[in-house]
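Participant: sequence and predicted model, in that order:
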Amino acid sequence: MKTKHAFLAIAALALASAAGAQAPSRVVMGGKAVTMVADAVYMFPSARPRVVAVGGTDQGLGVFLETVAPGFSALPSFPRQAGVEVYASHRPDLVILKSSLKKSVGAGLEALGIKTLYLSLETPDDYYAELDLLGRTFGDEKRAAELVAYYKGVVSEAARASAAATRSAGKPRVLLVQASGDGFEVPPDGWIQTTLVELAGGQPVWKGSNPGGGWAKVGPEQIAAWNPDVLLVVSYKEPATEAAARMAADPRFSGLKAAKTGRVLGFAQDFLSWDQPDARWGLGLLWLTDALHPGSMPGYTAESSARRFYALAYGFDDAAYDAQIAPRLRGVLR
């Protein structure tokens, strides 16, 4: 991890040097996970007017960045599977991609002499390093430090609360599944969903069962065998509360401890689910800590936490929050 983050710092300095210490003026973002990349970039106000094209950012619940930068939806767009020639057609002086695209799209862009920047955005440490990288890239290190301080504060708050709760009650056994069509899937060990459960003081019962690089299907027999204390259901295309309600009512799962105690929960979401390696992961961590250990964070509410985040990250005042975010909140427990 340290080696990767050292490389990121060198990359930021190289970008600044190559651009004459000036921020890029024509930024393009794309790829399968472009939503996460764009949400991170748009936390830097200095970056927003420099973006000239973005692959689709709607996961199924709406285009969030239109609320941050009116006119965003009118920017030229392109399929997430677009090839190098599509990126090049927008004449970028910087393309920002998820690091998973380095060998495919990135290699082709670099061969054309187009500067590229890669973000992993998969762990809290990735976020700390890569927000610093974005701050250097767009000439706003102060903004980067402000954002990093927020995320580190969230992790510390969750750690204090979960440590106190687990000392007295132990770690609940937690299963997180994505409702996908008629089936269910679990994330890999290295993804942020697993990390969030651990940081929130839970034991991810699926850990070790998915060595791959993406979601893995699991059957109802395996879910029954895991028999979690808390079952978290995520969905990216519909309210997760609806998917969780269907699962709780499914006779195949009625015998689960989580079902018997009313702890089959739809993961909180607004435009996007809060379980992802998106800018909202801090909201997800606090929500999950409270969900696993009710009462462990006196004064916490998901609504106040979200209001604070959107003010800090995207500049929403109370009126903007009430109009854009509050009506979309789902899965809020308190």
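Facilitator: Done, it's in. Just so it is clear, the structure is predicted and the values come from calculations on it, not from any experiment.

Participant: only C-alpha atoms for contact and neighbour calcs from this point on.
Facilitator: Fine.

Participant: list the buried residues in the helix or strand harbouring Ala323.
Facilitator: For Ala323, the host element (DSSP states H and E) is helix 318-324. For helix 318-324, the neighbour count (16 or more other CA atoms under 10 Å) marks Ala320, Tyr321, Gln324 as buried.

Participant: of those residues, which is the nearest to Val234?
Facilitator: Within the buried residues of helix 318-324, proximity to Val234 (CA to CA) peaks at Gln324, which comes in at 21.4 Å.

Participant: let's see the pLDDT reported for the residue nearest to that closest one when sequence neighbours are not counted.
Facilitator: In space, and not counting its chain neighbours, Gln324 is closest to Thr67: 7.0 Å by CA to CA, 6 or more residues apart in numbering. Residue-level confidence at Thr67 comes out at 95, pLDDT.

Participant: now for the longest helix along the chain, which elements pack on it?
Facilitator: Using DSSP state H to define each element, the chain has its longest helix at helix 141-169. Other helices and strands packing on helix 141-169, by 3 or more CA pairs under 8 Å, 6 or more residues apart in numbering; DSSP states H and E, are helix 124-137, helix 192-199, helix 281-292.

Participant: which residues does the helix or strand just after it contact?
Facilitator: Later in the chain than helix 141-169, the nearest helix or strand by DSSP H and E is strand 173-180. Residues outside strand 173-180 that contact it (CA atoms under 8 Å, 6 or more residues apart in numbering): 184-187, 193, 197, 202-206, 226, 228-235, 243.

Participant: of the residues you listed, just the buried ones, ChimeraX syntax please.
Facilitator: Entered in ChimeraX, the line below selects the buried ones among the contacts of strand 173-180, by 16+ other CA under 10 Å:
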select :184,185,186,187,193,197,202,203,204,205,206,226,228,229,230,231,232,233,234,235,243
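
Participant: just the contacts of strand 173-180: which are in strands?
Facilitator: Those of those mapping onto strands are Phe184, Glu185, Val186, Gln203, Pro204, Val230, Leu231, Leu232, Val233, Val234, per DSSP state E.

Participant: and the closest residue to the fifth one other than its chain neighbours, how close does it get to Ala200?
Facilitator: Closest residue to Pro204 apart from its sequence neighbours, by CA to CA, 6+ apart: Val174 at 5.0 Å. Distance check for Val174 against Ala200: by CA to CA, to the nearest Å, it reads 11 Å.

Participant: where's the spatially most central residue of the chain relative to Arg80, distance?
Facilitator: The centroid of the chain falls nearest to Asp278 when counting by CA atoms, centre = their mean (2.0 Å). According to CA to CA, Asp278 stands 17 Å off from Arg80.

Participant: same question for Ser120.
Facilitator: For Ser120 relative to Arg80 (CA to CA), the value is 17 Å.

Participant: so where's the protein shaky on pLDDT?
Facilitator: Where the chain drops to pLDDT under 70, the residues are 1-21, 333-334.

Participant: let me see the domain layout of it.
Facilitator: Domain assignment for the chain by automatic domain parsing gives 2-146, 170-328.

Participant: hmm, back to that, out of Val174 and Ala200, which sits in the busier spot?
Facilitator: Ala200 (28 against 24; other CA atoms under 10 Å).

Participant: who touches the closest residue to the more buried one other than its chain neighbours in this structure?
Facilitator: Leaving aside its chain neighbours, Ala200 sits nearest to Thr289 (4.5 Å; criterion: CA to CA, 6+ apart). Residues near Thr289 by CA under 8 Å, 6+ apart: Ala158, Ala161, Ser162, Ala200, Gly201, Ser296.

Participant: wait, isn't the third one in contact with Ala291?
Facilitator: No - using CA atoms under 8 Å, Ser162 is not in contact with Ala291; the gap is 10.7 Å.

Participant: quick one: the helices in the stretch 1-150 of the chain?
Facilitator: Here the stretch 1-150 of the chain has its helices, by DSSP state H, counting those that start in this stretch, at 2-18, 34-41, 65-68, 84-88, 107-111, 124-137, 141-169.

Participant: who's more crowded, Ser162 and Ala291?
Facilitator: Neighbours per residue, other CA under 10 Å: of Ser162 and Ala291, the larger number sits with Ser162, 24 against 20.

Participant: quick one, what contacts the residue nearest to Gly331 when sequence neighbours are not counted?
Facilitator: Leaving aside its chain neighbours, Gly331 sits nearest to Ala268 (4.2 Å; criterion: CA to CA, 6+ apart). Ala268 makes contacts with Ala240, Trp274, Asp275, Gly284, Trp287, Leu329, Arg330, Gly331, Val332, as judged by CA under 8 Å, 6+ apart.

Participant: any idea how far Val54 is from Ala268?
Facilitator: Applying CA to CA to Ala268 and Val54 gives a distance of 26 Å.

Participant: Phe72 now?
Facilitator: 9 Å.

Participant: cool, and Leu312?
Facilitator: Counting by CA to CA, the gap from Leu312 to Val54 is 23 Å.

Participant: okay, the two: which has more neighbours?
Facilitator: Looking at Leu312 and Val54 with other CA under 10 Å, you find the greater number of neighbours at Val54, namely 25 against 15.

Participant: what are the bridge partners for that one, then?
Facilitator: In this entry, Val54 is beta-bridged to Met29, by DSSP bridges.
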